[in-house]
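>>> Coordinates for the following, if possible.
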Amino acid sequence: MSLLSTLRLVPGMVVSKDGQVYRIVDLANMTEVIAESEDGRWDKFSAAEFTMVNGVDAKKQLNILGVKKKQWSRALEIYEAIQPLVEMGDLRTRADVMVVAKKLDKHIATVYRWISEYEKTGLVSSLVRKLRGDIGRGRIGNEKEDIIVQCIDELYMTDQKRTVAKICDEVEKRCKTLGLSVPADATIRRRIESISEELRVRKREGYKAAKERFEPIRGPFPGADYPLAVVQIDHTPMDVIVVDDLNREAIGRPTLTIAIDVFSKMIVGFYITLESPSAFSTGLCLSNGIIGKEVYLKELELEDLSWPCWGVMRTIHADNAKEFRGTLLGKAAVDYGIIVERRPKGSPNYGGHVERAFRTYMSEVHNELPGTTFSNVQAKGDYDAEGNAVMTMDALEKWFTIFIVGVYHQKPHKGNEGLPPIVKWQEGIEGTDDKPGTGIPMRVPNEDKLRLDFLPYFERSVQEYGIRFEGIYYWADALKHYIHAKDPSIKKLKRKFICRYNPSSLKKLWMYIEEIDEYVEMPYRDITRPDISLWELKQVKKRLKEKSLSSVNEELIFKCIDTMREIVEEEVTKTKAARKQKQRQRQWKKSSILQSDNNSGLADSNSGPVAVTNDLDSEEEIVPFDGIRESE
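Numbering: from 1, shown residues only. The predicted structure follows:
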């Protein structure tokens, strides 16, 4: 499971902001927290301002937690030693624990106690030796305490189900052997009673028995027990005709991709396009869902609206998951630790949350938007959808955002037992009287990098001319140090670098350089070239193939594209297809501008290498960005 999918801002957590360390005191609401600074001052902050503390910053939290430096260093040493044992879980054996105990020169019972303390909270601070809270009341010594813990773990917490009386007898025997006084039976019973009942049942009666007794009854969708536990994603044509920006003429139906949180029914992200559904549109929808929405709402001049959804989801659920199988998108999901699941056949309890949401949206479209196509011929009647169409793509995107955030999220939802999605999300984050909340999801540290991580990529070595991709040359000064670089593991081979690209805008690439742990932006080698899309490039190559021009050069490619665009300009007022192509070009330009604004100071990508399959010579009909993928 992804670390990012489990990190939550909860009371007691130590976080970093602008190089300073804070302790979360409480959640103010779904997007803000009360935090304490190192000098003891409390204040309210946006959750988006905080990041995880790194190894250096961890020392600064000593002032907040009131722990001495020596104590904290010791806790870190213990944590590093027991971490492998914690990761083993139920597969951990006594022999494994004994190895660590000998390494630390501690009794095995002490190591077991450390593991127990850490597993209760998951915090390193739980391993700091506690100040005595029983001063003046008397307590048993450390040796006897260790014997009790050891006997409980070795004898009581097993499937032999030994009685408490047997444990008391064993403690007595071991204490007398070491010449120690025998602790009272009541003391041993209190130690056993302090262990959670769920853990006792799991150890003594088995995992199945514990699951039946203590795991909450699942809802209609298994596993969707908290916000971002399961996110469903799917595509559908929207029941509305849109018009182009220039001539306000009908150009067709756009496609909607949405990602919905199954627990709350909140929409965490969406993407509207004129292209066919693909891994590219799915990736944009997911990256939009993971990042914060403040900048997006500001761009739409909707700052007054609140869309408090962000964070890496644990599981993505898709109807067929084809966009994730053997694709770059699937690799990106793996990189972020996201589990991708396909809906099992014959499993109605998995529900059709996306499908029901689609029906809700389309109903709103039919009632509110001019140019609706309705859902069937009977409903449409004599209504002229194209003649009544008025919505541009930008207007539709803004209208849909307002509907999602201001209407859909606020209305009661049957799937939430009548609670609006925003209220259900709030309960999952903040908790209720009978169920604790998960806390506020941690923001992805570098959202610009995340956008790139969900883009397609290929591998190339650096040549004297730079990088060549589909007949186009790219260059940046940073590349000159890597011309003909050798593979560090196999000296006879040239080193290949991961290069990301945006199918909507090929005017630049991003190459990851491991030494500096960053992406380097690479524009066209000839920066006077116009921006083009991968779809336009496919069209050109197909035409050149038809003319038997097998040797394709960059000059010819751009000359053909210029000619094609001139034709579109001439025909734009004559046919719907030409107007639609023109509108696509406008969208690609918009995508290019956004990419430029959002991709500064980029970090690394850890995606694995993948080879590019040149499928541009296919005889099939060219569909923009259809199934953007490469072979293994």
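>>> Can you give me every residue that contacts Val462?
Applying Cβ atoms under 8 Å, 6 or more residues apart in numbering to Val462 gives the contacts Leu479, Tyr482, Ile483, His484, Ala485, Arg495, Phe497. Where you see a C-beta, it was placed from the backbone N, CA and C, and this is true even at glycine.
>>> is it true that the first one lies in a strand?
What that stands for is Leu479. No - checked against DSSP: H, G, I helix; E, B strand; the rest coil, Leu479 lies outside a strand; its state is helix.
>>> And it, how far from Pro436?
For Leu479, the distance to Pro436 (Cβ to Cβ, to the nearest Å) stands at 52 Å.
>>> so when I look at Met522, I'm seeing a helix, right?
No - counting by three-state DSSP, one finds Met522 to be strand, located in no helix.
>>> That one touches Leu509, doesn't it?
Yes - in this structure Met522 lies within contact range of Leu509 using Cβ atoms under 8 Å: 4.7 Å.
>>> joint contacts of those two?
Joint contacts of Met522 and Leu509 (Cβ under 8 Å, 6+ apart) are Ile467, Tyr474, Cys499.
>>> So which of the residues you listed is the closest to Val295?
Cys499 (26.0 Å; Cβ to Cβ).
>>> can you pull the contacts of that closest one?
Tyr457, Phe458, Glu459, Arg460, Ile467, Phe469, Leu509, Trp510, Met511, Tyr512, Met522.
>>> What of Tyr22?
Counting by Cβ under 8 Å, 6+ apart, Tyr22 has contacts Val14, Val15, Ser16, Ala35, Glu36, Ser37, Glu38, Phe45, Phe50, Ile64.
>>> Could you chop the chain up by domain?
For the chain, automatic domain parsing gives the domain ranges 1-57, 67-131, 139-215, 230-444, 454-598.
>>> what is the mean pLDDT for the second one?
Going back to what we said before, that points to domain 67-131. Taken as a whole, domain 67-131 carries a mean pLDDT of 76.
>>> rewinding a little: can you say which of the contacts of Cys499 are buried?
Those of those that meet the buried threshold are Tyr457, Phe458, Arg460, Ile467, Phe469, Leu509, Trp510, Met511, Tyr512, Met522, by 16 or more other Cβ atoms under 10 Å.
>>> In this structure the first one contacts Pro503, no?
No - with contact taken as Cβ under 8 Å, Tyr457 and Pro503 are classed as non-touching, separated by 11.5 Å.
>>> got the buried residues for stretch 189-196?
Arg191, Ile192.
>>> ok, residues contacting it?
Applying Cβ under 8 Å, 6+ apart, the contact partners of stretch 189-196 are Ile148, Val149, Ile152, Tyr156, Met157, Val164, Ile167, Cys168, Arg200.
>>> In a markdown table: these, plus pLDDT, secondary structure and distance to Asp562.
Shown next, in a markdown table, are these (pLDDT from 0 to 100; DSSP: H, G, I helix; E, B strand; the rest coil; distance: Cβ to Cβ, whole Å):
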| residue | pLDDT | secondary structure | distance to Asp562 |
| --- | --- | --- | --- |
| Ile148 | 90 | helix | 83 |
| Val149 | 85 | helix | 78 |
| Ile152 | 90 | helix | 80 |
| Tyr156 | 91 | helix | 81 |
| Met157 | 87 | coil | 76 |
| Val164 | 92 | helix | 86 |
| Ile167 | 93 | helix | 85 |
| Cys168 | 93 | helix | 90 |
| Arg200 | 81 | helix | 75 |
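>>> between these, which is nearest Arg94?
Met157 (11.7 Å).
>>> Could you check how many residues crowd around Leu300?
Residues near Leu300, counting by other Cβ atoms under 10 Å, number 15.
>>> What helix or strand is the residue lying closest to it once chain neighbours are set aside located in?
Nearest residue to Leu300, sequence neighbours excluded (Cβ to Cβ, 6 or more residues apart in numbering): Lys398, at 5.1 Å. Using DSSP states H and E, Lys398 sits within helix 393-402.
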